[in-house]
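> Generate a structure from the sequence data that follows.
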Amino acid sequence: MKPTPVEENEILLKKKEIDETKEEFVENFNKYSCVTPKTRLIIVGTITPPDGMNNGYFYTAPHNSVYRLIDESKSTNLKRLKKSLSKETTPEKKEAVVTQIKNVLEENGIAFLDIMKYAIRQLNKSDDDVIKYYCIDIERFKNIPNSVYFICNSKLAKEGYLNICKALHREPNYIYLPQNFPHLYRNGNEEKWIEIIKKYSI
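Numbering: from 1, shown residues only. Below is the predicted model:
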């Protein structure tokens, strides 16, 4: 089933009706992102999956490849930090590791944003096709300079990004590079990821 975009007030009403044994209401991490005046490249997804939610930041699910791709492009230590984050048991220690992750990203001019502000999806499921309803987060994209380049990492992320650009009357400046398995390993996508990260980061 294709996820249905709705207005923010509508999804907040639907939140009250969900079956919590089968569904969950989630909010993005966009307000905690490391978008700064130094940002040159933003990686755009739909909304963070359950494992990432538990870890407290974007792309920290164990199976996710984004941090490894950045490490290979920039010789950073994000994959190691992600692994250490999954072992922390207190909110304070997790926050300290997330701060380290954000600092590494900021130093390299890389940031993350989700196109969805809120979503209702199947409980403990992470694929885009388990999302039932969502509303897009136009506000967090408003003040980003046109010079910033975007990677959209799924079809739904690309669709949402283009809708945000349309709403903001801005020219899209992006590439679509799926990063989920097996698409990352088709058509040279992994090499393209590394090439784009090197080209547009600091």
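> Do you have the strands of the protein handy? List them.
With strands called from DSSP state E, the chain shows them at 4-5, 23-27, 41-45, 110-114, 116-122, 131-136, 149-152, 174-176.
> Need the contact partners of the helix or strand bottoming out on mean pLDDT in the chain.
Across the helices and strands of the chain, mean pLDDT, DSSP states H and E gives its lowest value to helix 50-55, namely a mean of 88. With C-beta atoms under 8 Å, 6 or more residues apart in numbering as the test, helix 50-55 has contacts from 24, 26, 58-64, 82, 85-86, 94, 98, 124-126. (C-beta placed from N, C-alpha, C; glycine too.)
> Now intersect those with the helices, please.
Lys82, Leu85, Lys94, Val98 (DSSP state H).
> Return the closest of these with respect to Pro5.
Looking at those and their distance to Pro5, the nearest is Val98, at 28.9 Å (C-beta to C-beta).
> May I have the phi/psi pair for the closest residue to that closest one other than its chain neighbours?
Closest residue to Val98 apart from its sequence neighbours, by C-beta to C-beta, 6 or more residues apart in numbering: Tyr57 at 4.7 Å. The phi/psi pair for Tyr57 (degrees, to the nearest 10) reads phi -160, psi 170.
> what's the spacing between Tyr57 and Thr76?
From Tyr57 across to Thr76, the span is 15 Å (C-beta to C-beta, to the nearest Å).
> Which of these two has more residues huddled nearby?
Legend: neighbour count by other C-beta atoms under 10 Å for Tyr57 and Thr76, higher for Tyr57 (24 against 19).
> so where's this structure shaky on pLDDT?
Per-residue confidence for the chain (pLDDT under 70) gives these ranges: 1, 180-187.
> now the residue positioned nearest the centre of it: how far from Glu20?
By C-alpha atoms, centre = their mean, the chain has its centre lying nearest to Gly45, at 3.8 Å. Distance of Gly45 to Glu20, given as C-beta to C-beta: 24 Å.
> got it, and Asn54?
17 Å.
> Likewise for Asp128?
For Asp128, the distance to Glu20 - C-beta to C-beta - is 21 Å.
> and the two? which has more neighbours close in?
Higher neighbour count among Asp128 and Glu20: Asp128, with 21 against 8, using other C-beta under 10 Å.
> first to last residue in stretch 161-178, what's the distance?
End-to-end span of stretch 161-178 (C-alpha to C-alpha, to the nearest Å): 14 Å.
> what's the answer for stretch 55-69, then?
Per C-alpha to C-alpha, stretch 55-69 runs 19 Å from first to last residue.
> what comes up buried for that stretch?
Within stretch 55-69, the residues that qualify as buried are Asn55, Gly56, Tyr57, Phe58, Tyr59, Thr60, Ala61, Asn64, Ser65, Val66, Tyr67, Leu69, counting by 16 or more other C-beta atoms under 10 Å.
> The third one and Ser147: what is the separation?
Tyr57 sits 25 Å away from Ser147 when distances are taken as C-beta to C-beta.
> Ok, the fifth one next?
Summarising the geometry, the distance separating Tyr59 from Ser147, computed by C-beta to C-beta, is 23 Å.
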